[in-house]
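1. Test case, fold it:
(one chain, ligands or ions: 1)
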Amino acid sequence: MFGAVSGAVSGAVFGGVLEGVSGAASGRAGAIARASPVVTPSSCYATAPRAARRRRERRDPARPHTPGRVMIGAHTDPGGPVTEPSGRAPRIAVVFYSATGNVAALAEALAEGAREAGAETRVRPVAERAPREAIEANRRWKAWVDDNPYDTLASLDDLEWADGLALGSPTRFGNSAEQLKAFLDTTGGLWAQGKLAGLVGTSFTSASTGHGGLEATILSMNNVLYHWGALVMPLGYAADPSLMSSGNPYGASWVSRKSAAPDDDALLAARVQGTRLAQVAAKLIS
Ligand SMILES: Cc1cc2nc3c(=O)[nH]c(=O)nc-3n(C[C@H](O)[C@H](O)[C@H](O)COP(=O)(O)O)c2cc1C
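-> Numbering: from 1, shown residues only. As a prediction, the model looks like this:
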């Protein structure tokens with residue numbers, strides 16, 4: 001059992017709680033158990049919140065931990081009352097990567113749906129990072145890059161500005177494209193300040209085949225949202241009756257086959273996702 005958790009229980013994450021346990025994790029469970037109190041993964045998890053509370057109370061004894069207070073990020077003062085209603089339209093950022101235009105079409109439809117629900121929107125691609133040779137080798141990719149229909153790239157400011165965020169990427173070997181991931185990997189500073197924890201986020205994709213990893217790609221983008229502490233919003237089926245036949249409850253998806261552009265059903269699903277995102281974001285800031 002200890003062997004199985006060796007990767008997960010790094011001292012850096014659990015700090016003092018796991019001091020001395022790394023040997024157990026690498027298979028020397030017996031020796032460690034004799035030398036120090038028995039620490040199992042489950043008791044670590046049980047202990048961690050108590051330790052965190054003690055640390056918090058040491059930092060600010062006047063503000064003891066009160067169970068039930070919820071920090072959702074920029075719109076909430078941790079431990080204090082929810083701030084005043086913003087009185088403004090929800091802000092939706094659509095941040096995506098597209099090599100041949102399919103995800104871009106979904107991104108535009110999603111933003112349109114958000115605007116229909118009264119949101120302000122920013123639709124922003126992330127930077128292309130592929131070597132020129134790779135782009136030149138694909139006629140449609142080269143045409144998209146050469147046309148360059150967007151003059152403003154996604155920035156960290158877009159994430160700070162937004163109440164709701166939609167992430168889009170083509171499926172790449174069952175995962176999101178590295179271009180999007182590279183952008184997301186620049187958000188550590190915002191994450192550390194808790195500035196992304198107030199977002200509601202959702203994801204969408206395009207793949208060439210129906211079983212080529214659509215859901216896996218959406219889930220991989222959502223993993224980032226979990227780490228930020230954002231609220232993850234699936235598309236579901238309930239928002240529009242048409243989704244029962246054409247939708248993907250994980251998020252808007254398109255199966256492009258050889259190179260077809262998103263059809264009306266896929267664009268409608270993206271629009272519905274945008275509307276729903278704007279509605280949830282509006283509730284968060286109200
Ligand atoms: C390197 C690479 C990997 C891909 N991996 C997959 C895959 O795992 N499954 C799949 O169905 N399609 C895969 N595709 C196809 C794209 O996901 C598909 O063409 C998508 O519609 C492109 O979206 P875009 O026009 O926004 O770039 C891959 C394409 C490339 C270039």
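2. Next one: Glu178 from the ligand, what distance?
-> 10 Å (CB to the nearest ligand atom, to the nearest Å). (Each C-beta comes from the backbone N, C-alpha and C, glycine too.)
3. How about Arg91?
-> 24 Å.
4. Arg276 too?
-> Per CB to the nearest ligand atom, Arg276 is found 22 Å from the ligand.
5. Just give the number of residues close to the residue lying closest to that residue once chain neighbours are set aside.
-> Residue nearest to Arg276 in three dimensions, not counting chain neighbours: Ala239, with 4.9 Å by CB to CB, 6 or more residues apart in numbering. When counting by other CB atoms under 10 Å, one arrives at 16 neighbours for Ala239.
6. wait, doesn't Ala239 sit right on Val272?
-> Yes. Between Ala239 and Val272 there is a contact under CB atoms under 8 Å: 5.0 Å.
7. Enumerate the residues of the protein near the ligand.
-> The chain comes close to the ligand at residues 98-103, 170-174, 206-209, 212-213, 256, as judged by CB under 6 Å from any ligand atom.
8. Just the buried ones from these?
-> Buried by 16 or more other CB atoms under 10 Å: 98-103, 170-172, 206-208, 212-213, 256, out of the residues of the chain next to the ligand.
9. Quick check: the farthest pair among the residues you listed?
-> The largest separation in those, counting by CB to CB, is between Gly101 and Gly213 at 19.3 Å.
10. quick one: contacts for whichever residue of the chain sits closest to the ligand?
-> Using CB to the nearest ligand atom, the closest approach of the chain to the ligand is made by Gly212 at 2.0 Å. Gly212 sits next to Thr171, Gly174, Val255 when contact means CB atoms under 8 Å, 6 or more residues apart in numbering.
11. let's go with 10 Å and repeat that
-> Gly212 is in contact with Thr171, Phe173, Gly174, Thr205, Ser206, Val255, Ser256, counting by CB atoms under 10 Å, 6 or more residues apart in numbering.
12. Can you list the low-confidence ranges for the stretch 51-200 of the chain?
-> Scanning the stretch 51-200 of the chain for pLDDT under 70 picks out the ranges 51-83.
13. Mind jotting down where the helices sit in this protein?
-> 11-14, 22-25, 29-35, 41-59, 102-116, 132-136, 139-147, 156-161, 178-184, 188-192, 214-228, 243-246, 264-285 (DSSP state H).
14. among those, which is the most enclosed?
-> Comparing the helices of the chain by mean neighbour count (mean count of other CB atoms under 10 Å), helix 102-116 ranks first with a mean of 24.
15. how far away is the residue most central in space within the chain from Leu165?
-> Nearest residue to the geometric centre of the chain (CA atoms, centre = their mean): Leu225, 2.5 Å. Taking CB to CB, to the nearest Å as the measure, Leu225 falls 8 Å from Leu165.
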